[in-house]
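K.L.:
heads up, no residue letters with this:
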Ligand SMILES: Nc1ncnc2c1ncn2[C@@H]1O[C@H](COP(=O)(O)OP(=O)(O)OP(=O)(O)O)[C@@H](O)[C@H]1O
Ligand SMILES: O=P(O)(O)OC[C@H]1O[C@H](OP(=O)(O)OP(=O)(O)O)[C@H](O)[C@@H]1O
Ligand SMILES: [Mg+2]
């Protein structure tokens, strides 16, 4: 039964009324702010409330774009896009869902304005452009790609040569109201917030759209706050990270608007399906299914041998089934097939342990999904929504 049926009051919410007849949101907002004072009260929010489809925002380009489409595809939620310059698409598996390709920061802005309901972007982008907005809910915090961290970095040379922690930096007598620490960053919300929370008093910020690592050598800043993944860009520009200087650890997340989840028909069901698929897939991605044959006198005896090995306990314990054959006209079970899930990292150790207890004919195959009885994140989400 679709979840929304448990909340009949939502059916009559303004979110469920038919869409406005005339213009898409962008046009209407432009019209009211420029042309006619009569329509000034028509806000993007009101228009957003009137649409009746569900909108998922995905990164249109950059590092996150391909990995996001790949994750969806791996979860059998392939995005059908007619051509790469078309910014609207669909996921045929999910009814009434529109996919909109946007720059990551615009995905967050549009979740806040109500023009999108669900999004996939980096946590750094949600934190920077969401600015602590309580309407934004992180539904899955670890989609397993886009890993990086937002960090404060300073030069390796000159007055910073012996500065190795945020504390050292804060204690440098150089920084005063007249000569503050100058920080270049694209993160104009998170950067200042971090410095303030860490008690750095005399700091000023400048911003640029990219290549921030050049700022200290150019003399336009003393330090930078920027994303780091491999660390190569910092190293190549003679910069270093310092202890206590990590502002945020980030990776791709599934984020949704609380208002949409509660009020717009179908959003909760849609996020439930996406979340279940993501969780089941991401859990499976770290595991192999291992099948092996083992000679034994009974299923229990084989199970005991398997359970005596630390890497072979599987998810809930091994499945042991008899392998029947005909011997002297009688059907007997001399062999048992055991099926277990093994973390990818432990595969070789598991094969060795299987052999040690008499396992043979070991088959290893990738797992696509592991669906649990209930996804832990789903329960957390309902709690956050007060449902
Ligand atoms: N080394 C990295 N540098 C920057 N972002 C990274 C890195 N590794 C992962 N990411 C993630 O990728 C996201 C998008 O980065 P990308 O630079 O591709 O797009 P963008 O910032 O929207 O584009 P632009 O840099 O042109 O403004 C970041 O917000 C972050 O979550
Ligand atoms: O630790 P690394 O693996 O070297 O990655 C970090 C660099 O990558 C990003 O820049 P990007 O490539 O997006 O260029 P930009 O500065 O023009 O945004 C980020 O702003 C850093 O400069
Ligand atoms: Mg970039």
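P.N.:
Noted; the coordinates are in hand. Remember, it's a predicted structure, so these values are computed and weren't measured experimentally. Ligands and ions are numbered 1, 2, ... in the order given.
K.L.:
Who are the contact partners of whichever residue of the stretch 251-387 of the chain sits closest to ligand 2?
P.N.:
Distances between the stretch 251-387 of the chain and ligand 2 by C-beta to the nearest ligand atom are smallest at residue 251, namely 14.0 Å. Just so you know, the C-beta spots here come from the backbone N, C-alpha and C atoms, and that holds for glycine as well. Residue 251 makes contact with 122-123, 142-148, according to C-beta atoms under 8 Å, 6 or more residues apart in numbering.
K.L.:
I'd like those residues as CSV, with distance to ligand 2 appended.
P.N.:
Putting the contacts of residue 251 into CSV (distance: C-beta to the nearest ligand atom, whole Å) gives the following:
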residue, distance to ligand 2
122, 11
123, 15
142, 20
143, 19
144, 18
145, 14
146, 12
147, 10
148, 7
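K.L.:
And those, which is closest to residue 377?
P.N.:
residue 142 (9.8 Å; C-beta to C-beta).
K.L.:
Tally up the residues packed near the closest one, please.
P.N.:
15 (other C-beta atoms under 10 Å).
K.L.:
what's the nearest residue to it if we skip its chain neighbours?
P.N.:
Leaving out its chain neighbours, the residue that sits closest to residue 142 by C-beta to C-beta, 6 or more residues apart in numbering is residue 251, at 6.0 Å.
K.L.:
Please list the residues outside the lengthiest strand in the chain that contact it.
P.N.:
Ranked by number of residues, the top strand in the chain under DSSP state E is strand 330-343. Residues from elsewhere that reach strand 330-343, judged by C-beta under 8 Å, 6+ apart: 286-296, 299, 302-303, 306, 311-315, 318-327, 350, 359, 367, 370.
K.L.:
Given it, what are its sheet partners and their directions?
P.N.:
strand 287-295 (antiparallel), strand 319-327 (antiparallel) (DSSP bridges).
K.L.:
Show me what counts as buried in the first one.
P.N.:
Using 16 or more other C-beta atoms under 10 Å as the test for burial, strand 287-295 gives 287-290, 292-294.
K.L.:
which of those lies closest to residue 193?
P.N.:
Using C-beta to C-beta, the buried residues of strand 287-295 come closest to residue 193 at residue 287, 38.8 Å.
K.L.:
Quick check, the closest one in contact with residue 368.
P.N.:
No - counting by C-beta atoms under 8 Å, residue 287 does not reach residue 368; the two are 10.4 Å apart.
K.L.:
Hmm, residue 156 and residue 241 touching each other?
P.N.:
No - under the criterion of C-beta under 8 Å, residue 241 is not in contact with residue 156, lying 10.4 Å apart.
K.L.:
Give the residue spans of the stretch 201-350 of the chain that score low on pLDDT.
P.N.:
The model of the stretch 201-350 of the chain has pLDDT under 70 over residues 314-315.
K.L.:
Please disregard the earlier target; I meant the stretch 1-150 of the chain.
P.N.:
1-49.
K.L.:
okay, the strands paired with strand 330-343 in a markdown table with distance to ligand 1 next?
P.N.:
Shown next, in a markdown table, are these (distance: least, C-beta to the nearest ligand atom, whole Å):
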| stretch | distance to ligand 1 |
| --- | --- |
| strand 287-295 | 25 |
| strand 319-327 | 39 |
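K.L.:
Save those strands as a markdown table, and put in distance to residue 164 too.
P.N.:
Listed next are those as a markdown table, based on distance: least, C-beta to C-beta, whole Å:
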| stretch | distance to residue 164 |
| --- | --- |
| strand 287-295 | 40 |
| strand 319-327 | 53 |
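K.L.:
so who does the one residue in the stretch 1-150 of the chain that gets nearest to ligand 1 touch?
P.N.:
Closest contact between the stretch 1-150 of the chain and ligand 1, by C-beta to the nearest ligand atom, is at residue 122 (2.1 Å). Residue 122 makes contact with 64, 104, 146, 148, 250-253, according to C-beta under 8 Å, 6+ apart.
K.L.:
Flag every residue of this structure that's near ligand 2.
P.N.:
210-211, 213, 226-233 (C-beta under 6 Å from any ligand atom).
K.L.:
Which of these fall in helices?
P.N.:
In helices, defined here by DSSP state H, the members of the residues of the chain next to ligand 2 are 232-233.
K.L.:
restrict the residues of the chain next to ligand 2 to contacts with ligand 1.
P.N.:
Checking the residues of the chain next to ligand 2 against ligand 1 (C-beta under 6 Å from any ligand atom), the matches are 210, 227, 229.
K.L.:
which of those residues count as buried?
P.N.:
Judged by 16+ other C-beta under 10 Å, buried ones among those: residue 227.
K.L.:
Tell me the one of the ones next to ligand 1 among the residues of the chain next to ligand 2 nearest ligand 2?
P.N.:
The closest of these, once distances to ligand 2 are taken by C-beta to the nearest ligand atom, is residue 210, at 2.6 Å.
K.L.:
Excluding chain neighbours, give the residue nearest to the closest one in space.
P.N.:
Per C-beta to C-beta, 6+ apart, closest to residue 210 is residue 186, 7.5 Å.
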